[in-house]
Structures are given as structure tokens and as C-alpha cells.
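In: Below: sequence and its predicted model.
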Protein chains: 2
Amino acid sequence: MIEDKNQQRTSLSDIGEFGLIDQLTKNFKISQKSSVKGIGDDAAILNFDQKQVVVSTDLLVEGVHFDLSYMPLKHLGYKAIMVNLSDIYAMNAMATQVTVSIAVSNRFPLEALEELYAGVETASQIYNVDVVGGDTTSSTSGLIISVTAIGEVEKGDEVLRSGAKPNDLLVVTGDLGAAYMGLQILEREKEVFKVNPNNQPDLEPYTYIVERQLKPESRKDIVMLLKDLEVKPTSMIDISDGLSSEILHICKQSGVGCDVYENKIPLDPQVISTCEEFNIDSTTVALNGGEDYELLFTISQDDYPKIKANPNFSIIGHIKEPSAGIHLVTRADTRIPMKAQGWKSFED
Amino acid sequence: MIEDKNQQRTSLSDIGEFGLIDQLTKNFKISQKSSVKGIGDDAAILNFDQKQVVVSTDLLVEGVHFDLSYMPLKHLGYKAIMVNLSDIYAMNAMATQVTVSIAVSNRFPLEALEELYAGVETASQIYNVDVVGGDTTSSTSGLIISVTAIGEVEKGDEVLRSGAKPNDLLVVTGDLGAAYMGLQILEREKEVFKVNPNNQPDLEPYTYIVERQLKPESRKDIVMLLKDLEVKPTSMIDISDGLSSEILHICKQSGVGCDVYENKIPLDPQVISTCEEFNIDSTTVALNGGEDYELLFTISQDDYPKIKANPNFSIIGHIKEPSAGIHLVTRADTRIPMKAQGWKSFED
């Protein structure tokens, strides 16, 4: 499907490990005030003055989290950064630095890694984070990317998963399920391509959902918007594994119950039409699809006027006493206990 | 050779990804003042007050960095932490936190991961670092461990690779080459075991070098000792890839030359005897073997009296003007230009 048109191939074994990360990142600029020393020593040096530091880390594994037959390497580099920044924003913090490590087999030429790092660079520029460290090594098979994201937050501004209170409103940003349906489209086209390599896929009707899969954005804008609106959520989490599992995390860690209204879950029209085409229930996709990288948070009802007219936010439910349990209230007004199904990578 | 006697096997697919890292780390205690919030949210929260933060990250890949046929998982967990802490100490900083991520195939039962994390826990207790985050995911083959280590250092106390000055003394801690020779012993015994599985290897004469390979320590003690001695090195690096490449790093980044004396390079008697047995030159092993996790640093000659009688330190050379180049002065008093050969993981 998406072919690497770059014909130049410089073997990694010709370069050796020494300095490969330096070479890949040599054009990266340091712009954060907190970055004292970036790549090039045993460790990076950062200085956050009195601010608190937030740290999160994720691994992306070829064949598990991504498929290079339809994921361009540049997009993959971009996405690897997004996945991690999303965790930082979910703390109500601003991301400031990342470290990027890769394990890669000899089948990748240098040019492929340069593509990957071009995506990392683009993401770090747009989101204003510095790449301050990393490691490159060989793998016996496939590509593994490990990113650690670092951010800063004033003491008292951090938002945990554990602060939701009964009567708080449950709010989600953007829309849900698109990344999952984008993946279904890409998987289908891959099968078509296998049968007929000359077939040119028409992805036009699926532009939005395919982009949500291949080039997701993380919601830095929401953290800034909430600050502008003077809204501090009582709890927050990012939606990486699907809405239902994230709701369960907040409820479990806050010790509360919750009602979620099916008809309030935000869906893009392309998600709805593609779900119809695949004969999949769109609510199921929104609840369990994952990879949306939207933010789910709770706010005090007092803050409702500040967010009610804002198209970035959908109020999808409210927090209840723990004894009330955690339910999805369907369009037919039945109450179904909510279970996490999300994405389980250890299943065969 | 080293068999897993633990017969209990709980499949990872029975557990699922959700909460696996929590389960593996549930007994880990938070003891650093700077750890505000550990595992269990989107990100950890740390607070270093006015101190600077240092960050380093490394990937360990099965089949490249370790071989599970002779590396017990508990040792591997321990070593993964050591490798990363070593980078923090090489900044003259104290390690405070780590994040530990693993990608693992379904062939590993939960009990194997618990062994791995037991090693992580032991290391974190002994070195007083908190495990504050991580990720667990499946891999299509093999085991990959990604560790990010975080430390703190007072502003001005950090030591970079770039501060060496002509006439400084070049100092190395401990002894070199043992980890590499330990690996040669383990590889040899593995081959013997393949031929005759009932053969019990006699590792007694190789205890020290095998332990240096399987259970290396990082030199936190040196950072504390240097502070006690009131010696601030002018440059420092950890010896992970072999002495010669680390000397070249310091010289290149400091813009200086160097003379290193072959007869001053510290070798354990077991390294010397095993090198004789394998008919390998022990200097070559010390220069290029790697995985020693000792510290290499330069000090002003004024500080010589403070370290001269200390058995932890060997003065192996001195820094010269850049025009002098970088040379090994052999026992026969010939000067050989020094080249990095170290470990190149991308070679077939």
C-alpha cells in the first residue's frame, strides 16, 4: 500500500551503534528553558526550578502496536511521541522533554530510521518538547520504540485519576472510535492489496478516521484551554484503551460510581457510517476501540457554565456514590453494568 | 545450565495487560522524598525542589544484550537497573527513580516476569531508587527491557564528558575486562551443555568474572566517596562499551589528547588467568570488552593527594594538548594511536 519510495539504503552495520542516536538527532533543537543539557552525555540535565516533574513511558512494538505495511515510518515516529505526550497532558501538565529509544533489526537501512526520526522531530517541534536522550540498539526481529515523556506542572495544578466526587460531571474531549475504525479500513485494504497489488485503494471516504489512526494528535490544547477557562478537573485520564476502561480506572481510583449516557458519546459521522458499513455497533467501538488519545475528566458542577458551550467538550455522564455502581444508560434507557474490554495485547 | 525451577505457569493471556505492571510492582515501596506519586496514574509526579534532574535511558534486547539460557531473570532485572544507574552516577548525580517497561512474548509465564521484577526490586532497594512507572506489552518474539533512570544533582555539581583539561589525570575505578571474560566462560559452558546436558560446569575458578557479567554493580559508592574526598572530577563517563571508546568520548568532547599507560590498566588476576586460558590479550579485553560499569574520570593534578592512596582508583594516564593525539603507551614503551572497537550491535 504505502511504499517507501526512498531507494537509498545505508546499512546500519556500516555505521555501527556509536553515535547513531546522535546522528539521528543532530538537527534537533533544544528550546525548553528546563533543558540544561540534551543528547551527548551519559544523561540529560534538566532544571524545573520549583515545578513538579511528571514522567511517563510507553513501548510500541511492531506487529503488536503497529504494522509497517500501512504505517509510514514518519507517522510512526509522530505517533510514538503523541502516545506519550497524551499521558503528560492527562496529568494537567505541560510536556517539556522526551527520550526516544529504538531497537531495530538490520533489515532497516539508515534512511528508514531517518524517516522515523523526521516524524519524532515534527512532533517535538509542533508540541514544543525537546528530545534530550535515547538509545539505539539492534533487535533480533522487528522494530521497538520506547519513549519516555517528561513534563512540568505547578504544585497543586496536577490532576490525578483519583479525585472524582459524586455529582461531578464526566466530560470527554473530541470524538471517539475513529482510530479503531481507521485501523479496520487499513486492515481491509491490506487484505485487498495482498490479493491484487495493483488495486489502488480509495481512502477518500475514510480520510478522517484513517488520519486518526495514522497521525493522532494529543490534546495539549485542552490543558491550555482548561487553564484559560479556569477549570481544574477533579480527575483526568487519557483515552488510550477505550472509554470504558478509562471510566473504570477513574471510578475505581476515586472510589465512586458513574452513569454514562450512550446518546451523549461523541461520534464523528465517518465513524457512524463506517460502523454501518462493517456492521459494528458504534457505541461498542467508542467504548472499547482505544487509541483515541482524547482526555476524559470530571469537573465540579459549579464549573458547568464555563464549559457548556464549548465544542471541544461533551458531557457524557455524571459521577455517583460508589454503591450506585458503574453503568451505561442506553438509548433505550436500560442500565447496563460497564465492563472493561479494551485492547488486550497478550491474547493470542 | 541455569534452569528455572519454578514450575508454576500462569499465562499472561489469562491476566491481560491491564494492571500487569501494577501487579508486578505492587510491593515496591516509595522512599525518595522527591517521589510525590509513583505507579498508578497516567504519569508519575516528582519534585526536586531546586535540584537539577538527570535522565538517562537504555534498551536491553534478548539475543543482543542477554541470553536467557545462562542469564537468570532475576539477575537480568538487577542488571537492567544497574546499566541505567551507572549513567546517572557518571553525571556525579544520585539516582532517585526509575521507570521499567517490558515487551514480552506469550511464552513467558507471569512467574518469569515476577522473577525479573524481583531483581528490579532488589536493585532498587539496595541503590535506594523508586520504581515510579512503566509499561508492559506483548512482543512478537523475545524479551525487551527499557529502563529510564532519573537522578538529582545540585546545580554546579554535575560532571560532563567535556571538561577534561591538559595535565589532568585520567582515573578509572575498580578493574576492567571481567564482565567480558565472564561472558566468554558462560558462552563456552553453553556450548558444552549443548553437547552434554548432564555435564555440570565447574564455574568455581571463574566466580568473580561470571558475577561481573551476571550481576554487575554500579558505582554509587564512588559518587559518595568523591564527595567525601572533596574531589570534583573535571569530566566523567561510565565504562559500558570498553575503556578505549570511553576515553575517545572524553577526549573528543573535551577537545584534548591523552596518553594511557597499558601497565596501569587495572586487571583482576582472574581476568589475567582466563585471558591466558583463552589466549586473548588482556589489554585488548580491558580496552574493548565493555559492560564493566566502572567510572572513568579526569581530575586536576591538585587533587592527586586526595585520591592517591585509595584502592578504588587507578591513575591510568593523563590528558594532553589536542595536537598530541590519543595514544596507548604499551609495556614496551611504544605509542599506539587509540581506536574505538567496542561492542557494535548492528554487525551481523
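Out: Nice, thanks for sending it over.
In: For the stretch 1-150 of chain A, which segments are assigned as strands?
Out: Counting by DSSP state E, counting those that start in this stretch, residue ranges of the strands within the stretch 1-150 of chain A are A:35-37, A:44-46, A:52-61, A:94-104, A:130-138, A:143-153.
In: Could you do the stretch 151-300 of chain A as well?
Out: A:169-173, A:235-239, A:257-261, A:294-299.
In: To residue B:241, which of those lies closest?
Out: Proximity to residue B:241 (CB to CB) singles out strand A:235-239 among these, at 37.2 Å. (Glycine included, C-beta is placed from N, CA and C.)
In: how about the helices in the stretch 1-150 of chain A?
Out: Read by DSSP state H, counting those that start in this stretch, the stretch 1-150 of chain A holds these helices, from start to end of the chain: A:12-15, A:20-24, A:73-89, A:110-126.
In: before we move on, the earlier item: how about the strands of the stretch 151-300 of chain A in a markdown table, adding distance to chain B?
Out: Putting these into a markdown table (distance: least, CB to the nearest CB, whole Å) gives the following:
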| stretch | distance to chain B |
| --- | --- |
| strand A:169-173 | 14 |
| strand A:235-239 | 6 |
| strand A:257-261 | 18 |
| strand A:294-299 | 10 |
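In: right, so of those, which gets closest to residue B:125?
Out: Residue B:125 lies closest, by CB to CB, to one member of the strands of the stretch 151-300 of chain A: strand A:235-239, at 30.3 Å.
In: What is the closest one packed up against?
Out: Counting by 3 or more CB pairs under 8 Å, 6 or more residues apart in numbering or on different chains; DSSP states H and E, the packing neighbours recorded for strand A:235-239 are helix A:73-89, helix A:243-254, strand A:294-299.
In: now the first one against strand A:235-239, angle please.
Out: The one in question is helix A:73-89. What separates the directions of helix A:73-89 and strand A:235-239 is an angle of 170 degrees, with axes from the mean of the first three to the mean of the last three CA atoms, to 10 degrees.
In: now helix A:73-89 against strand A:94-104, angle please.
Out: Interaxial angle of helix A:73-89 relative to strand A:94-104 (the same axes, to 10 degrees): 140 degrees.
In: again, but for the last one
Out: Using the same axes, to 10 degrees, the inter-axis angle of strand A:294-299 relative to strand A:94-104 is 150 degrees.
In: ok so, going back, mean pLDDT and distance to residue A:47 added to the helices and strands packed on strand A:235-239, as JSON lines?
Out: Listed next are the helices and strands packed on strand A:235-239 as JSON lines, based on pLDDT from 0 to 100; distance: least, CB to CB, whole Å:
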{"stretch": "helix A:73-89", "mean pLDDT": "97", "distance to residue A:47": "18"}
{"stretch": "helix A:243-254", "mean pLDDT": "95", "distance to residue A:47": "31"}
{"stretch": "strand A:294-299", "mean pLDDT": "98", "distance to residue A:47": "28"}
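In: export these to JSON lines and tack on mean neighbour count and distance to residue A:261?
Out: Compiled in JSON lines, the helices and strands packed on strand A:235-239 are given as follows (neighbours: other CB atoms under 10 Å in any protein chain shown; distance: least, CB to CB, whole Å):
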{"stretch": "helix A:73-89", "mean neighbour count": "26", "distance to residue A:261": "25"}
{"stretch": "helix A:243-254", "mean neighbour count": "23", "distance to residue A:261": "12"}
{"stretch": "strand A:294-299", "mean neighbour count": "27", "distance to residue A:261": "14"}
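In: Minimum distance to residue A:168: which of those has it?
Out: Proximity to residue A:168 (CB to CB) singles out strand A:294-299 among those, at 4.1 Å.
In: Just checking: what are the partner strands of the closest one?
Out: strand A:169-173 (antiparallel), strand A:235-239 (antiparallel) (DSSP bridges).
In: which stretch among those comes nearest residue A:27?
Out: strand A:235-239 (29.5 Å).
In: List of residues touching the closest one?
Out: In this structure, residues lying in contact with strand A:235-239 by CB atoms under 8 Å, 6 or more residues apart in numbering or on different chains are A:86-87, A:89-92, A:159-164, A:168, A:172, A:176, A:218-219, A:246, A:249-250, A:253-254, A:290, A:292-298, B:42.
In: Give me every residue in the stretch 151-300 of chain A lying close to chain B.
Out: Listed as neighbours of chain B in the stretch 151-300 of chain A under the rule CB under 8 Å from any CB of the partner chain: A:151, A:153, A:155, A:158, A:160-162, A:236-238, A:241, A:245, A:253.
In: Just give me the least confident of those residues.
Out: Model confidence across these bottoms out at residue A:241, which has 89.
In: Filter the residues of the stretch 151-300 of chain A next to chain B down to the buried ones and express that as a PyMOL selection.
Out: Selection of the buried residues among these in PyMOL, burial being defined by 16 or more other CB atoms under 10 Å in any protein chain shown:
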select buried, chain A and resi 151+153+158+160+161+162+236+237+238+241+245+253
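In: Let's have the strands of the stretch 1-150 of chain A in a markdown table, adding distance to residue A:114.
Out: Rendered in a markdown table, the data for those read as follows (distance: least, CB to CB, whole Å):
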| stretch | distance to residue A:114 |
| --- | --- |
| strand A:35-37 | 23 |
| strand A:44-46 | 22 |
| strand A:52-61 | 18 |
| strand A:94-104 | 12 |
| strand A:130-138 | 12 |
| strand A:143-153 | 14 |
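In: Show me which of the strands paired with strand A:294-299 has the highest average neighbour count.
Out: Neighbour counts (mean count of other CB atoms under 10 Å in any protein chain shown) averaged over each of the strands paired with strand A:294-299 peak at strand A:235-239, with a mean of 27.
In: Just give me how far it sits from the chain centre.
Out: Here strand A:235-239 shows a centroid-to-chain-centroid distance of 11 Å under the convention CA atoms, centre = their mean, to the nearest Å.
In: the inter-axis angle of that strand versus helix A:243-254?
Out: Regarding strand A:235-239 and helix A:243-254, their directions subtend 150 degrees when assessed with the same axes, to 10 degrees.
In: Isn't residue A:176 up against residue A:288?
Out: No. Residue A:176 is not in contact with residue A:288 according to CB atoms under 8 Å; the separation is 10.0 Å.
In: just to revisit the earlier point, list just the one of the strands of the stretch 151-300 of chain A that sits closest to residue A:32.
Out: Using CB to CB as the criterion, the shortest distance between residue A:32 and these is 21.4 Å, found for strand A:235-239.
In: before we move on, back to that, just tell me which of the strands of the stretch 1-150 of chain A ends up closest to residue B:228.
Out: strand A:44-46 (23.1 Å).
In: for that closest one, packing partners?
Out: In this structure, strand A:44-46 packs against strand A:35-37, strand A:94-104, strand A:130-138, strand B:52-61, with contacts taken as 3+ CB pairs under 8 Å, 6+ apart.
In: which residues touch the closest residue in space to residue A:135 that isn't next to it in sequence?
Out: Counting by CB to CB, 6 or more residues apart in numbering or on different chains, residue A:101 is the residue found nearest to residue A:135 once chain neighbours are left out, at 4.1 Å. For residue A:101, the contacting residues are A:134-137, A:145-147, B:57-59, B:146, by CB under 8 Å, 6+ apart.
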